[in-house]
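Chemist: Sequence isn't available, so here's the structure alone:
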């Protein structure tokens, strides 16, 4: 027992004599106020009756079904919140994680490739073409002349396919921007663990940006050297990246722009992955081969392009290129057929005038 | 489990059940309500002050009792349980009221119909003003001191009864009361600039 237990009960302020009977102090005033509070807070019968009605009205206990329903709603809310937070973190991580130098070859698989292209189109200024449909999806920035602007003398031009091979500009956006279709990655390699997949996604994102920068340098700014620099950076960091085919096409385009045609041809020689080249790339390779006096190989490329159709730009270029190769081989009739067909289908084509002059001098 | 631990607190074990109408086991909430409705409503009004919906508090207290009280042990002090429950619900209501005041940047008037019938409009006004003043000061006190002062001065309980009700030592209650009164005076003077000498 402490000392305070023995002390007398302190006097209440609210028991003080009413104000006016003794000298007025703060305690008296407070006591009077406390007495008023005491009176004011006495429950009235009407208030008690109202409270009783309310208690009786809501006295029914919660059923098990209500509790289960509440639990389900709470669980759904928690899961939705968790999912949203997880997605936000994922997006943040993708945007911020530095990509490692190089991604394991083939580790991305078709899923990652699809992601890369989706991201490329939407996230990286829509600059990356899709391998399979690049010739359909990529916007044509300007009509691509297939031949040099200056008209060439008919017979010598056709006699010498070298002179007829498109100039660097002719192999510009449309010609080379269509990508070589790469064989699909093995399906089993796409079963990467989530953490690995995130790292790969981040790497693909960085890589896509580098390739997109290269295309932008090349097409919007005409800066082929800058594009090559960006592509060198990409190849150094991602020697086996999923965008290597896009990188190669961009590099060919840049090399042609810089008139480094032999390098461009060397690069295209290695691009025949399973023979799944697009028509534009293949006709460009044929033209470069013809330019290098490799008409037999060039004819294979032209034939392959023309086997499908000859009404598009690639077909026109293939007809004109094959005519040149046939002239060099002494096949004048074959050359005449190609040139006539060319004029039939592409009467206003970029090589129409040269074709007419060649036909005029052909025996 | 929490209630059980609370019920077998030291004060509850050492003091007789103060409920004049002990509740049999299992708990009959209707009977509990009839026995304690007036007390709970008084506590709610006095602890909460103006702006508290007293009927709401009473309803919540007995709903909690219905949900949680499955049986009553001999050692339990049902009045202590009711007081603690009332106090917690009142605290929650006060927090809500403060938040509403802060959001609306306005002061709510005293709760309508909080007390007994008012004889005249002048007296009612005077009483309302007095109530508001007292609770403005009380709201500046720490929760423990506020509770003890309300129970002692307004509820009219002795320090021994307060000690039993809240499960504290009587000496502790007196210390809290002493500090509460000193603080109340100080805050009252600060708020209302009263210059009367204190005894």
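Modeler: Received the coordinates, thanks. Computed from a predicted structure; not experimentally measured. Residues are numbered from 1 along each chain as shown, chains lettered A, B, ... in the order given.

Chemist: Mind checking the pLDDT average for stretch B:149-157?
Modeler: Per-residue pLDDT over stretch B:149-157 has a mean of 91.

Chemist: what's next to it, contact-wise?
Modeler: For stretch B:149-157, contacts defined as Cβ atoms under 8 Å, 6 or more residues apart in numbering or on different chains pick out A:12-14, A:34, A:37-38, A:41, B:42-43, B:46-47, B:138, B:141, B:158-159, B:161-162, B:165-166, B:177, B:180-181, B:184. C-beta here means a position set from N, CA and C on the backbone, and glycine is covered the same way.

Chemist: of these, buried ones?
Modeler: A:12-14, A:34, A:37-38, A:41, B:42-43, B:46-47, B:138, B:141, B:159, B:161-162, B:165-166, B:177, B:180-181, B:184 (16 or more other Cβ atoms under 10 Å in any protein chain shown).

Chemist: Mark which of the contacts of stretch B:149-157 are part of helices, please.
Modeler: If you go by DSSP state H, the contacts of stretch B:149-157 have A:34, A:37-38, B:42-43, B:46-47, B:138, B:159, B:161-162, B:165-166, B:177, B:180-181, B:184 in helices.

Chemist: all helices of chain B, in order?
Modeler: Secondary structure of chain B (DSSP H): helices at B:2-7, B:10-14, B:29-48, B:54-68, B:78-104, B:121-138, B:143-149, B:159-166, B:170-192.

Chemist: Now do the third one: which elements does it pack against?
Modeler: Applying 3 or more Cβ pairs under 8 Å, 6 or more residues apart in numbering or on different chains; DSSP states H and E, we find helix B:29-48 packed against helix A:26-40, helix A:45-57, helix B:54-68, helix B:78-104.

Chemist: comparing these, which gets the lowest mean pLDDT score?
Modeler: helix A:45-57 (a mean of 81).

Chemist: close to chain B, is that one?
Modeler: Yes. Using Cβ under 8 Å from any Cβ of the partner chain, we find that helix A:45-57 touches chain B at A:46, A:47, A:48, A:50, A:51, A:52, A:54, A:55.

Chemist: burial of residue A:48, as a residue count?
Modeler: When neighbours are defined as other Cβ atoms under 10 Å in any protein chain shown, residue A:48 has 16 of them.

Chemist: Find me whatever residue is spatially closest to it, sequence neighbours aside.
Modeler: In this structure, residue A:48 finds its nearest non-sequential neighbour in residue B:37, 5.9 Å apart by Cβ to Cβ, 6 or more residues apart in numbering or on different chains.

Chemist: Pull up the gap between that neighbour and residue B:61, please.
Modeler: 9 Å (Cβ to Cβ, to the nearest Å).

Chemist: Residue A:55 contacts residue B:64, correct?
Modeler: No. Under the criterion of Cβ atoms under 8 Å, residue A:55 is not in contact with residue B:64, lying 11.2 Å apart.

Chemist: More neighbours: these two, which one.
Modeler: residue A:55 (22 against 17).

Chemist: residues contacting the more buried one?
Modeler: By Cβ under 8 Å, 6+ apart, the contact set of residue A:55 is B:33, B:58, B:59, B:62, B:63.

Chemist: Of these, which is the most crowded?
Modeler: residue B:58 (30 neighbours).

Chemist: Pull the number of nearby residues for the residue lying closest to that residue once chain neighbours are set aside.
Modeler: Counting by Cβ to Cβ, 6+ apart, residue B:58 lies nearest to residue A:51, which is 4.4 Å off, once chain neighbours are set aside. Counted with other Cβ under 10 Å, residues neighbouring residue A:51 total 25.

Chemist: these two touch, right, residue A:51 and residue B:41?
Modeler: Yes. Look at residue A:51 against residue B:41 with Cβ under 8 Å: they come within range, at 6.4 Å.

Chemist: give me the number of residues near residue B:171?
Modeler: 17.

Chemist: and the gap between it and chain A?
Modeler: Going from residue B:171 to chain A by Cβ to the nearest Cβ, to the nearest Å gives 4 Å.

Chemist: Now for residue A:72, how many residues are close by?
Modeler: Using other Cβ under 10 Å as the criterion, residue A:72 is surrounded by 10 other residues.

Chemist: Helix, strand or coil: sort out it for me.
Modeler: Following DSSP: H, G, I helix; E, B strand; the rest coil, the label given to residue A:72 is helix.

Chemist: Let's see the pLDDT reported for it.
Modeler: 91.

Chemist: Then residue A:22?
Modeler: 54.

Chemist: same check, this time on residue B:105
Modeler: For residue B:105, the predicted pLDDT is 53.

Chemist: what's the answer for residue A:303, then?
Modeler: 91.

Chemist: residues in contact with the nearest residue to residue B:86 once chain neighbours are set aside?
Modeler: Nearest residue to residue B:86, sequence neighbours excluded (Cβ to Cβ, 6+ apart): residue B:43, at 4.8 Å. Residues near residue B:43 by Cβ under 8 Å, 6+ apart: B:83, B:86, B:87, B:90, B:155.

Chemist: Please report how far residue B:43 lies from residue A:210.
Modeler: Counting by Cβ to Cβ, the gap from residue B:43 to residue A:210 is 73 Å.

Chemist: Equivalent analysis for residue A:15, please.
Modeler: Counting by Cβ to Cβ, the gap from residue A:15 to residue A:210 is 87 Å.

Chemist: which one of these two has more residues nearby?
Modeler: A count of neighbours by other Cβ under 10 Å puts residue A:210 above the other of residue A:15 and residue A:210, at 24 against 11.

Chemist: in what helix or strand does residue A:302 lie?
Modeler: Element membership for residue A:302, per DSSP states H and E: helix A:295-308.

Chemist: got a list of contacts for that helix?
Modeler: A:161, A:279, A:282-283, A:285-287, A:289-290, A:314-315, A:317-319, A:321-322, A:325-326, A:328-329.

Chemist: which intervals of the chain have sub-threshold pLDDT?
Modeler: Reading this off chain A. A:1-7, A:16-24, A:58-64, A:97-204, A:271-276 (pLDDT under 70).

Chemist: meant chain B actually
Modeler: B:1-27, B:70-76, B:104-124, B:193-199.

Chemist: residue contacts, the nearest residue to residue B:170 once chain neighbours are set aside?
Modeler: Closest residue in space to residue B:170, ignoring its immediate chain neighbours: residue B:163 at 4.1 Å, by Cβ to Cβ, 6+ apart. Counting by Cβ under 8 Å, 6+ apart, residue B:163 touches B:11, B:169, B:170, B:172, B:173.

Chemist: If you rank those by neighbours, which is first?
Modeler: So for the contacts of residue B:163 (other Cβ under 10 Å), the most neighbours sit at residue B:173, 26 neighbours.

Chemist: Next, find the distance separating that residue from chain A.
Modeler: Residue B:173 is 9 Å from chain A, by Cβ to the nearest Cβ.

Chemist: Return the residues in contact with that residue.
Modeler: Here residue B:173 is in contact with B:148, B:159, B:162, B:163, B:166 (Cβ under 8 Å, 6+ apart).

Chemist: I figured the first one was touching residue B:158, is that so?
Modeler: No. At 11.7 Å, residue B:148 and residue B:158 do not qualify as touching, with contact defined as Cβ under 8 Å.

Chemist: Briefly note if stretch B:134-148 comes near chain A.
Modeler: Yes. For stretch B:134-148, a contact with chain A is found by Cβ under 8 Å from any Cβ, at B:134, B:135.
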